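Trainee: okay, structure incoming, though there's no sequence with it:
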């Protein structure tokens, strides 16, 4: 296994597609551990991950991974040697078996010695619970199985930097739990950036969290700090309020309101990470920050 | 990278497109092989041409599929994030595509030859035809890969691949003598190929060099297309290899293009050849040209009165067959002046009678037609030295030829006995008096020669031969009449 993660520094990264600016000046500083990347659809999460994966060149800004400039054509190969990447819409070669596909990617990741490579492929498949299905053709796999194959290929070469774009999509609750354990383990020795819509995944395993919104980092800190931003702004109340950021009726028949106190009868409750995220993306306290 | 090549080649060799080409190739070749009386040096041509075209189509489509695979499956990003640059990935794929397609062609070739061998077809197939076919089919797969890689569209790729294949097939089959442009397609219809080729211009090695050069150029193109956004680009040595390959393609292609369609051959060196302005597929030796004893027809069989030697590609079985076919006639005439004692295959011939030797054109000899040896021996035995082969036989010569043939072939004797029925159904165009007169003359001549032959057949063969002996020189000179032949009414 890798001894440690890698230091990732992103400064002033912008990415424009024509007139549309997907990233409007992003600064990041990532180190070992699992960092969650939250943001609504279109916030620029996948664009940021693709830039970090050296697949996309930013319009401006710098990206360094360890000692290497990820935007330099010659140096990016060094970045890729340390990278495990799970794209959002991973496709698998349908006629390959699970083992063959991961083995194929392992060869591309310069694991040249067959015996060692096969051992690593088996270990990666074991880690994602696919060892028993190694001989299955990819085209026969369910969505969750395909996602696990994607994770296996991302970790097969023991990368120092792991970029995971929506990795738990399609996984059932049991698989998600197992996946969280796996990512948590990997994060002990690697730099992991986990992009997801699922706040509970981040709450469960991330040491830090970034919130990306409208192309900018709006929050960078610990999950506890994000949660604390909602302190005093989450209530249970018999009635809701038009000023609420969001509210919903719970099974106890009262409203859970995020926002200003909806009524004198409302009672303050402990905020969750999701409350903090919702308040942030609703615009309250969402000034751009350097992560 | 070897692992990549192995995995991709294995998948490609099992792809439905290539397997479809394999089945189609075997089917077409099977039909061609078992519907044509042939020998292995012809069987390999059929396998090369039809197998090459059928498999070339499958290989082209399979290559296209491979070129589109990353985008079609959605795995492109995943692969692009690995340290292996795109040009190296594509180079490995190209190698896999070429190896898989060439391997499947080799399988068709071997299976086809094995089937032909089991069916009793004899001879030695051409190794370089197999190599040419492997390169041609491999090149098709590579072109497909490049098409897929460049177009990024299944529909456009499919149309491009089909158009390319139709162009190759049409050029190859529509110009069966492989001249000009038709020599520059991957699968060339090399018709009437000599097993030895003698000293005549040989397009095969040039075509092999041309295909090999194209493959290298293709590899460079694939690397350039795949690596256009990457460093390092082509290294100087690789670029030099690419340029050398392009030069080889240009030189061999120009040579193939300019190769004459037909030559008048008056000797063994190019100075003795003249290009013929004829729509002719073969090189034509002039009547005065006798092939030298080139030592190439080394597969021989010997009978009591005759030795037959053919090119070793056809094996001694063909020589034995020709001896068995010809020996009875040779025995009838053995010892008479001018009767050949030897037969030999030559690349081509318009003057088969060369003293004691019959020079059989290779394309005729290899077919092993029944009666070819007897006919050729009699034709040479009955003509005086220097009489052109296209000059007709006299009536007496014809009668002796009929007698000799009918003596060893009962079916021919029966035909002579049925001469009246044959003449009765022969007829002619009554509306054309000139043609009708010619037919009538031929019928009269046939009746007369058949009668003379039957009269000789009524006598013991040894007696006929004894009575022919004093007439023989004059008979060969065309100076003997029917009434002088043995058995003629006095």
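Mentor: Great, that's in hand. Just so it is clear, the model here is predicted, and its values are computed rather than measured.
Trainee: what about residue B:328, helix or strand, and which?
Mentor: helix B:315-333 (DSSP states H and E).
Trainee: per-residue confidence averaged over that helix?
Mentor: Regarding helix B:315-333, the rounded mean pLDDT is 90.
Trainee: how distant is that helix from the center of its chain?
Mentor: 23 Å (Cα atoms, centre = their mean, to the nearest Å).
Trainee: could you do stretch B:453-473 as well?
Mentor: 41 Å.
Trainee: any idea how far apart the tips of that stretch sit?
Mentor: Stretch B:453-473 has an end-to-end distance of 19 Å (criterion: Cα to Cα, to the nearest Å).
Trainee: contacts for that stretch, please.
Mentor: With contact meaning Cβ atoms under 8 Å, 6 or more residues apart in numbering or on different chains, stretch B:453-473 is reached by B:332-333, B:336-338, B:399-400, B:402-403, B:406-407, B:413, B:416-417, B:475, B:480, B:484-489. C-beta: built from backbone N, CA, C; applies to glycine.
Trainee: so which bits of chain B are right by chain A?
Mentor: B:1, B:3-4, B:7, B:11, B:15, B:69, B:73-85, B:89, B:230-232 (Cβ under 8 Å from any Cβ of the partner chain).
Trainee: now the helix or strand just after the helix holding residue B:328 against helix B:315-333, angle please.
Mentor: Counting by DSSP H and E, the next helix or strand C-terminal to helix B:315-333 is strand B:342-346. Taking axes from the mean of the first three to the mean of the last three Cα atoms, to 10 degrees, one finds strand B:342-346 and helix B:315-333 inclined to each other by 140 degrees.
Trainee: follow-up on the earlier one: just the buried members of the residues of chain B next to chain A?
Mentor: B:3-4, B:7, B:11, B:15, B:69, B:73, B:75-85, B:89, B:230 (16 or more other Cβ atoms under 10 Å in any protein chain shown).
Trainee: buried set for stretch A:61-75?
Mentor: A:61, A:63-66, A:68, A:70-71, A:75.
Trainee: closest one of the residues you listed to chain B?
Mentor: residue A:75 (9.7 Å; Cβ to the nearest Cβ).
Trainee: what does the pLDDT read for that closest one?
Mentor: pLDDT at residue A:75 comes out at 90.
Trainee: what's the farthest-apart pair in the buried residues of stretch A:61-75?
Mentor: Farthest pair in these (Cβ to Cβ) is A:61 and A:66. Separation: 17.5 Å.
Trainee: sorry, back to before: so which elements touch the helix holding residue B:328?
Mentor: Using 3 or more Cβ pairs under 8 Å, 6 or more residues apart in numbering or on different chains; DSSP states H and E, the elements in contact with helix B:315-333 are strand B:299-302, strand B:307-310, helix B:372-381, helix B:395-408, helix B:461-468.
Trainee: so which of the ones you listed is the most surrounded?
Mentor: Across those, the average number of neighbours (mean count of other Cβ atoms under 10 Å in any protein chain shown) peaks for strand B:307-310, which reaches a mean of 26.
Trainee: now do the buried residues in stretch A:121-133.
Mentor: A:121-122, A:124-125, A:127-131, A:133.
Trainee: ugh, wrong one, I meant stretch B:60-74
Mentor: B:60-70, B:72-73.
Trainee: I'd like the distance from it to the chain centre, please.
Mentor: 37 Å.
Trainee: for that stretch, give me every contacting residue.
Mentor: Contacts of stretch B:60-74 (Cβ under 8 Å, 6+ apart): A:89-94, B:8, B:12, B:15, B:17-18, B:21, B:75-76, B:79, B:93, B:96-97, B:100-101, B:140-149, B:152-154, B:157-158, B:160-161, B:164-165.
Trainee: and those residues, which are buried?
Mentor: Judged by 16+ other Cβ under 10 Å, buried ones among those: A:90-93, B:8, B:12, B:15, B:17-18, B:21, B:75-76, B:79, B:93, B:96-97, B:100-101, B:140-149, B:157-158, B:160-161, B:164-165.
Trainee: so which of those residues are in strands?
Mentor: Taking DSSP state E, every one of these sits outside strands.
Trainee: quick one: which of those residues sit in helices?
Mentor: B:8, B:12, B:17-18, B:21, B:76, B:79, B:93, B:96-97, B:100-101, B:140-149, B:157-158, B:160-161, B:164-165 (DSSP state H).
Trainee: lowest-scoring secondary structure element of chain B by mean pLDDT?
Mentor: strand B:263-265 (a mean of 58; mean pLDDT, DSSP states H and E).
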